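**Student:** What follows is a predicted protein model with its sequence.
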Amino acid sequence: MTEIAVATPTDEDLPPSIHAAGAVLWRPTSAGAEVAVVHRPHHQDWSLPKGKVDPGESRARTAVREIAEETGFGAVLGRHLATVRYPVGEDRKVVDYWEARAGEGTFTPNGETDELRWLAPEQAAGLLSYDSDRDVLDAFARSPRPLRSLLLVRHAKAGKRGSWPDDDARPLVDAGRDQARRVADLLTAHGVDRLVAAPKVRCRETLEPASHRLGVGIAADPAFSDEAVAQDPGRARARLLELASGPTTAVCAQGDGIPALVRDLAADGSGGVRPEVHSNRRLADPPSRKGSVWSLSFHAADGGGLRLVAADYVRDPAV
């Protein structure tokens, strides 16, 4: 039986599998949004764009590549919507889906897809061939819109604390520089166009590969150092929300400040977590591994402020 989960499992949860990735590709209309559905002549079905992960490729990169190959459109990933699992022979296929806003492009029939239709979600649901695709589309349709994204990055592996008399100056080690390149892949797939780092060398260096690839500079912001978050968490939270209200931003911070910020954003005001915030981790105790990323999705509340609606933890951006 096909399983669909809004939370992405960790690598350790998965048996040997075929990995794939795709998206609900959408574009805004005067009535809300319309989504892309493709016809695959080899399978004689209508589906959401998706495909297998190539060796050495992350699932986020796969989703963007498959969208381009099957629809002809560029895309920027947003919120992670679902993970679908189903058997394929003796293996289990695992497909991760995001919502992805369409960029420039033109559909041209090809060997994989010979027709594309832009439809309202309820019309697309009636055309799709598989229940699992309809479940993913339903997760998209139920999500508030528009959403704003912010990616909260834990700095990559750096030199040992005892080896540097000035902790602020600790640089990345070789393994950390590899992590930083993987972080850059993820930030590129999400269309990040602003980079902000806590005033630590290791935070800035974590964003440097993304800076080179995206062609944007890195702004230092002292509000996101561990010391600043501990001393004035309200200021750090307010600054994060201010950044989330503008261009898609990645903020690189530290291992104590990030869990505190995520907990604060998800809090219900009485020491608990708002149940409507979707996440693949316990938001009462958010992890923050070096080189990991929290993909945060916000919606404008009735009063005009931003409210966290989804928090997806990416333990390793290479996956």
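**Tutor:** Thanks, I have the structure now. Numbers count the residues shown, from 1 in each chain.
**Student:** List the contacts of the longest helix seen in the chain.
**Tutor:** For the chain, the longest helix by residue count, based on DSSP state H, is helix 174-189. For helix 174-189, the external contacting residues (Cβ atoms under 8 Å, 6 or more residues apart in numbering) are 58, 60-61, 63-64, 76-77, 151, 153, 155-158, 172, 195, 202, 205-210, 212-214, 250, 290-291, 293, 314, 316-318. To be clear about C-beta, it is placed using only N, CA and C from the backbone, and glycine gets the same treatment.
**Student:** 6 Å instead?
**Tutor:** 58, 60-61, 64, 77, 153, 156-158, 206, 209-210, 213, 250, 291, 293, 317-318 (Cβ atoms under 6 Å, 6 or more residues apart in numbering).
**Student:** now do stretch 102-114
**Tutor:** In contact with stretch 102-114 (Cβ under 6 Å, 6+ apart) are residues 25, 27, 38-41, 70-75, 116.
**Student:** Do me a favour and average the pLDDT over that stretch.
**Tutor:** Averaged across stretch 102-114, pLDDT comes to 96.
**Student:** Straight-line length of that stretch, end to end?
**Tutor:** Distance between the two ends of stretch 102-114: 19 Å, counting by Cα to Cα, to the nearest Å.
**Student:** got it, and stretch 52-67?
**Tutor:** Stretch 52-67: ends 12 Å apart by Cα to Cα.
**Student:** Let me see the confidence value for Pro49.
**Tutor:** At Pro49, the predicted lDDT confidence score is 98.
**Student:** Share the number of residues neighbouring the closest residue to Ala210 other than its chain neighbours, please.
**Tutor:** Take Ala210 and drop its neighbours on the chain: the residue closest to it by Cβ to Cβ, 6 or more residues apart in numbering is Ala184, 4.0 Å away. Other residues near Ala184 come to 22 when the count uses other Cβ atoms under 10 Å.
**Student:** how much space between Ala184 and Ala250?
**Tutor:** 10 Å (Cβ to Cβ, to the nearest Å).
**Student:** Strands along the stretch 101-250 of the chain, start to end?
**Tutor:** Secondary structure of the stretch 101-250 of the chain (DSSP state E, counting those that start in this stretch): strands at 115-119, 147-154, 194-197, 218-220, 249-253.
**Student:** Just send the contacts of stretch 102-114 back as a markdown table, with distance to Gln254 and neighbour count too.
**Tutor:** A markdown table is the format used below for the contacts of stretch 102-114 (distance: Cβ to Cβ, whole Å; neighbours: other Cβ atoms under 10 Å):
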| residue | distance to Gln254 | neighbour count |
| --- | --- | --- |
| Leu25 | 35 | 28 |
| Arg27 | 37 | 14 |
| Val38 | 43 | 21 |
| His39 | 48 | 18 |
| Arg40 | 46 | 17 |
| Pro41 | 51 | 13 |
| Glu70 | 40 | 23 |
| Thr71 | 39 | 25 |
| Gly72 | 41 | 18 |
| Phe73 | 37 | 20 |
| Gly74 | 33 | 15 |
| Ala75 | 31 | 27 |
| Leu116 | 44 | 19 |
